[in-house]
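> Need a 3D model of the following:
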Amino acid sequence: MAPGMRIRTDAEIEECLARMLAEHPPHEDVWLFGYGSLMWNPAMHFAEHTGGRVLGWHRSYCLWLEAGRGSPEHPGLMLALDRGGAAAGALFRVPAVQARAELLLPFRRELFTYSYEARWVSVVTQHGTTRAITFVVNRDGPRYARRLPLDQVARHVATATGALGSCMEYLTHTLNSLDALGLDDRMLRRVLHLCSTPSA
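Residues are numbered from 1 along each chain as shown. Sure, this is the predicted structure:
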């Protein structure tokens, strides 16, 4: 863990999940929207998996990473949803009776630090618009990186690695997961291209 990083307790994470579910009809299934590692490792059981596009939020390399897939000497960058635009990703449907138990696992993983916040969002699918939970960037957190140019993003993504692997692996997994859903992200494609050039 990076020095000075704040963490949430299990009780705080469980309280956050309880608040989110309190805003949802108790007998309706819950959808979770993933746009990064949740797409290929949702860390929970689910009944259905499909693609969609979240509205009002865009995928961005906006979190500095000094552990996991980066280091203090070679900090990486992590994806999060930031305000504005839209982003393609994966939707997972969790049956209502299992929602609290199953969602606690991704909640613990994503909300362990204060880098992300849970939020209800609207996601457009081929069957219409679905309300889903996702994790957006905490703009008040110390790791927030605002509007970095893509060439700078690519330099960090191309070189950062840590105990969980490299930022390049994360980028590749994300693009492969989008490909499997028939979706794409031009920003990620541009970063991948920049990472493969000598200047990156």
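
> For the chain, which residues score under the pLDDT cut-off?
Along the chain, the parts satisfying pLDDT under 70 run over 1-5, 198-200.

> can you give me the strands in it?
30-34, 48-65, 76-94, 116-125, 128-137, 161-162, 165-166 (DSSP state E).

> Now tabulate those in a markdown table and tack on mean neighbour count.
Any C-beta I mention is one placed from the backbone N, CA and C, and that applies to glycine too. A markdown table is the format used below for the strands of the chain (neighbours: other CB atoms under 10 Å):
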| stretch | mean neighbour count |
| --- | --- |
| strand 30-34 | 24 |
| strand 48-65 | 19 |
| strand 76-94 | 21 |
| strand 116-125 | 18 |
| strand 128-137 | 18 |
| strand 161-162 | 16 |
| strand 165-166 | 15 |
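
> Residue 184: which of these is closest?
Each of these was scored for nearness to residue 184 using CB to CB, and the closest is strand 76-94 (6.8 Å).

> would JSON lines of the strands of the chain with distance to residue 21 be doable?
Converted to JSON lines, the strands of the chain look like this (distance: least, CB to CB, whole Å):
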{"stretch": "strand 30-34", "distance to residue 21": "7"}
{"stretch": "strand 48-65", "distance to residue 21": "19"}
{"stretch": "strand 76-94", "distance to residue 21": "11"}
{"stretch": "strand 116-125", "distance to residue 21": "10"}
{"stretch": "strand 128-137", "distance to residue 21": "9"}
{"stretch": "strand 161-162", "distance to residue 21": "33"}
{"stretch": "strand 165-166", "distance to residue 21": "32"}
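
> Tell me which of those approaches residue 145 most closely.
Distance to residue 145, taken as CB to CB, is lowest for strand 48-65 among these, at 5.0 Å.

> Tell me what angle that closest one forms with strand 128-137.
Orientation of strand 48-65 against strand 128-137 (axes from the mean of the first three to the mean of the last three CA atoms, to 10 degrees) gives an angle of 20 degrees.

> hang on, the earlier thing: compare the strands of the chain and give me the one nearest residue 143.
Between residue 143 and the strands of the chain, the tightest spacing by CB to CB is seen for strand 48-65, at 4.7 Å.

> Does anything pack onto the closest one? Which helices or strands?
When contacts are defined as 3 or more CB pairs under 8 Å, 6 or more residues apart in numbering; DSSP states H and E, strand 48-65 sits against strand 76-94, strand 116-125, strand 128-137, helix 150-159, helix 186-195.

> Mind doing that once more with 7 Å?
On a contact count with 3 or more CB pairs under 7 Å, 6 or more residues apart in numbering; DSSP states H and E, strand 48-65 meets strand 76-94, strand 116-125, strand 128-137.

> got the angle between the first one and helix 150-159?
What that stands for is strand 76-94. 80 degrees.

> Relative to the whole chain's centre, how far out is strand 76-94?
5 Å (CA atoms, centre = their mean, to the nearest Å).

> same thing with the second one?
Relative to the mean C-alpha coordinate of its chain, strand 116-125 is positioned 11 Å out (CA atoms, centre = their mean).

> Output that strand as CSV - backbone C-alpha positions only.
C-alpha atoms of strand 116-125 as CSV (Å, rounded to 0.1, in the frame of the first residue of the first chain):
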residue,chain,number,x,y,z
TYR,A,116,-13.6,5.4,-5.8
GLU,A,117,-17.2,6.1,-4.8
ALA,A,118,-20.2,3.9,-5.5
ARG,A,119,-23.0,5.5,-7.6
TRP,A,120,-26.2,4.6,-9.4
VAL,A,121,-25.9,5.4,-13.2
SER,A,122,-27.9,4.9,-16.4
VAL,A,123,-26.5,2.4,-18.9
VAL,A,124,-27.9,2.0,-22.4
THR,A,125,-28.1,-1.5,-23.8
